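K.L.:
Test case, fold it:
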Amino acid sequence: MTFGFTPSAAAPSPNPAAVAAIPDSGEPLTRMLEPAEWSAAEIPLLRDPREVVSGLHARHRPTPATAVVAVLDQEERVRASASFARRASVADGWVFRNALLAQLRRVIPHDLRRRTPVRTAVLLYCRDGDGRWTQEDGAWMWGLRDACTLHGLRCGAYITLTRDGWQVLGEGRGGRRPSAGSPPEDLSAADAPPQPRMGGAASELLRRASAR
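P.N.:
Residues are numbered from 1 along each chain as shown. Sure, this is the predicted structure:
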């Protein structure tokens, strides 16, 4: 398991038994969201989804069957993130909800005291296959929405990462890189301050300053 943020002492410890437990009701598992239901939920759009995907991919380097949950602030900066492997044998939103909630509790305090959520949780799931919706995706969507409600967060985008690239389900936005098989991008160059241009008057000013 990989964390992208130092756990806060204010965050309550999850109950491992609650994460591992699966309700034995004998009924078929229906805790999932269809694409139409997800679209009707009015999930907030990411301003720059590729930047978010590239950042999470570079930080966690997910492989198939790995989920990355991240909490974004109002400027879409990542405030906390965690990655973990899917261990459930069935695609059930209740189980996925508990796994996501356990990770959120470990990496960031809840916002349940706020009247309106100010932070947004997004989920990047790396899996085999193509970018088309599956029942497993529907279960992750259900789990993400419910985990956000229980942790006082806005429910954000659900993104799949496959060999074909990444896809924001329900929005029709995606790209070929990064993908499940691509190396992580070097983001250090983008974060580095711009270098001064050399030559001409600028070069002469630097030469005079160094000579003093």
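K.L.:
ok, now how distant is Asp128 from Arg31?
P.N.:
22 Å (C-beta to C-beta, to the nearest Å). Glycine gets a C-beta too; all of them are placed from N, C-alpha and C.
K.L.:
Looking at these two, which is more packed in?
P.N.:
Neighbour count, other C-beta atoms under 10 Å: between Asp128 and Arg31, Arg31 has more, with 17 against 9.
K.L.:
Do a quick rundown of the strands in this structure.
P.N.:
According to DSSP state E, the chain carries its strands in the segments 2-3, 66-72, 78-85, 120-126, 154-162, 165-168, 173-175.
K.L.:
which neighbours does the second one have in its sheet, and in what orientation?
P.N.:
Looking back up the chat, that one is strand 66-72. Strand pairing for strand 66-72, using DSSP bridges, gives strand 78-85 (antiparallel), strand 120-126 (antiparallel).
K.L.:
and those as a markdown table, adding mean pLDDT, distance to Leu100 and mean neighbour count?
P.N.:
Output for the strands paired with strand 66-72, formatted as a markdown table (pLDDT from 0 to 100; distance: least, C-beta to C-beta, whole Å; neighbours: other C-beta atoms under 10 Å):
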| stretch | mean pLDDT | distance to Leu100 | mean neighbour count |
| --- | --- | --- | --- |
| strand 78-85 | 97 | 9 | 20 |
| strand 120-126 | 98 | 7 | 25 |
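K.L.:
For those, give me a markdown table that also has distance to Asp111.
P.N.:
Below are these laid out as a markdown table (distance: least, C-beta to C-beta, whole Å):
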| stretch | distance to Asp111 |
| --- | --- |
| strand 78-85 | 11 |
| strand 120-126 | 10 |
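K.L.:
Can you say which of these is nearest to Ile108?
P.N.:
Smallest distance to Ile108 across the strands paired with strand 66-72 (C-beta to C-beta): 4.0 Å, for strand 78-85.
K.L.:
So what touches stretch 32-40?
P.N.:
For stretch 32-40, the surrounding residues in contact (C-beta atoms under 8 Å, 6 or more residues apart in numbering) are 41, 91, 93, 133, 135, 138-139, 141-142, 145, 158, 169-170.
K.L.:
re the thing from before, okay, the strands of the chain in a markdown table with distance to Pro184 next?
P.N.:
Below are the strands of the chain laid out as a markdown table (distance: least, C-beta to C-beta, whole Å):
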| stretch | distance to Pro184 |
| --- | --- |
| strand 2-3 | 13 |
| strand 66-72 | 12 |
| strand 78-85 | 13 |
| strand 120-126 | 12 |
| strand 154-162 | 12 |
| strand 165-168 | 13 |
| strand 173-175 | 15 |
